[in-house]
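K.L.:
Okay, structure incoming, though there's no sequence with it:
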């Protein structure tokens, strides 16, 4: 019976594909917590999955360049932790800029605002920081709109140039730009003006 449950857990991991980051909670519909943890421990020992930090694992992607397992995705780790605890995340500062391709610098610390407790997670690839912050301005916004709003705020009005606009347009498809215009009307005025320009300039591309 236990082997059958382990097989179901492994099948789900394989089904999600390489790069999947998860916690035991993602399998509690298949088996009890003890069985899940025992199964994951065996998969780690076999080299099938990696333990990234306490209670967080991944099915590693493979790097053709390195000819070895790829580095885990810090953003995926952060979102997996948040999912396990039911927290809402808001990428902040350099993290938001990196995720939108507005900064090529990989943050040493991946910083997020959260409606959960302020916490710090250390792992082999760096640090993930959650800072508790109630931000009513982003309530009801889709994740991509939130990301754009936070990135623009971090960048600052005076640094929004043609190159930034082009990069943002490449990161957001037409539907995402339209949704951002609809959703972000109550954010900081200059941020909303930039978001409107993203959609307006679509017609002149």
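P.N.:
Structure received. All values reported here derive from a predicted model rather than from experimental measurement.
K.L.:
and residue 7, how many neighbours does it have?
P.N.:
The tally of other residues near residue 7 (other CB atoms under 10 Å) stands at 12. For glycine as for every other residue, the C-beta is placed from the backbone atoms N, C-alpha and C.
K.L.:
backbone phi and psi for residue 121, please?
P.N.:
Backbone torsions of residue 121, given as degrees, to the nearest 10, read phi -120, psi 120.
K.L.:
go on, residue 21?
P.N.:
phi -110, psi 140.
K.L.:
so it bridges to which residues?
P.N.:
residue 58 (DSSP bridges).
K.L.:
gap between it and residue 39?
P.N.:
Note on residue 21: its distance to residue 39, by CB to CB, to the nearest Å, is 17 Å.
K.L.:
now do residue 53
P.N.:
18 Å.
K.L.:
For this protein, which segments count as helices?
P.N.:
2-16, 33-46, 74-85, 93-99, 143-155, 162-171, 174-183, 189-200 (DSSP state H).
K.L.:
Among those helices, which comes closest to residue 132?
P.N.:
helix 74-85 (12.2 Å; CB to CB).
K.L.:
right, and the helices of the chain - which one's nearest residue 119?
P.N.:
So among the helices of the chain, helix 74-85 is nearest, using CB to CB, at 8.4 Å.
K.L.:
residues making contact with that closest one?
P.N.:
Applying CB atoms under 8 Å, 6 or more residues apart in numbering, the contact partners of helix 74-85 are 19, 21-23, 25-26, 52-53, 55-56, 58, 87-89, 91, 95, 99, 107, 110, 112, 114, 116, 121, 123, 125-126, 128, 130.
K.L.:
Pull out the buried members of these.
P.N.:
With neighbours counted by 16 or more other CB atoms under 10 Å, those contain buried members at 21-23, 26, 52, 56, 58, 87, 89, 91, 95, 99, 107, 110, 112, 114, 116, 121, 125-126, 128, 130.
K.L.:
quick check: domain ranges of the chain?
P.N.:
2-69, 74-134, 137-204 (automatic domain parsing).
K.L.:
Just put these in JSON lines and tack on mean pLDDT.
P.N.:
What follows is the domains of the chain, written out as JSON lines (pLDDT from 0 to 100):
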{"stretch": "domain 2-69", "mean pLDDT": "93"}
{"stretch": "domain 74-134", "mean pLDDT": "91"}
{"stretch": "domain 137-204", "mean pLDDT": "88"}
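K.L.:
could you measure the nearest residue to residue 14 once chain neighbours are set aside against residue 148, distance?
P.N.:
Leaving out its chain neighbours, the residue that sits closest to residue 14 by CB to CB, 6 or more residues apart in numbering is residue 59, at 7.4 Å. Distance, residue 59 to residue 148, by CB to CB: 30 Å.
K.L.:
Over to residue 195?
P.N.:
From residue 195 to residue 148 the distance is 7 Å (CB to CB).
K.L.:
higher neighbour count, the two?
P.N.:
residue 148 (28 against 24).
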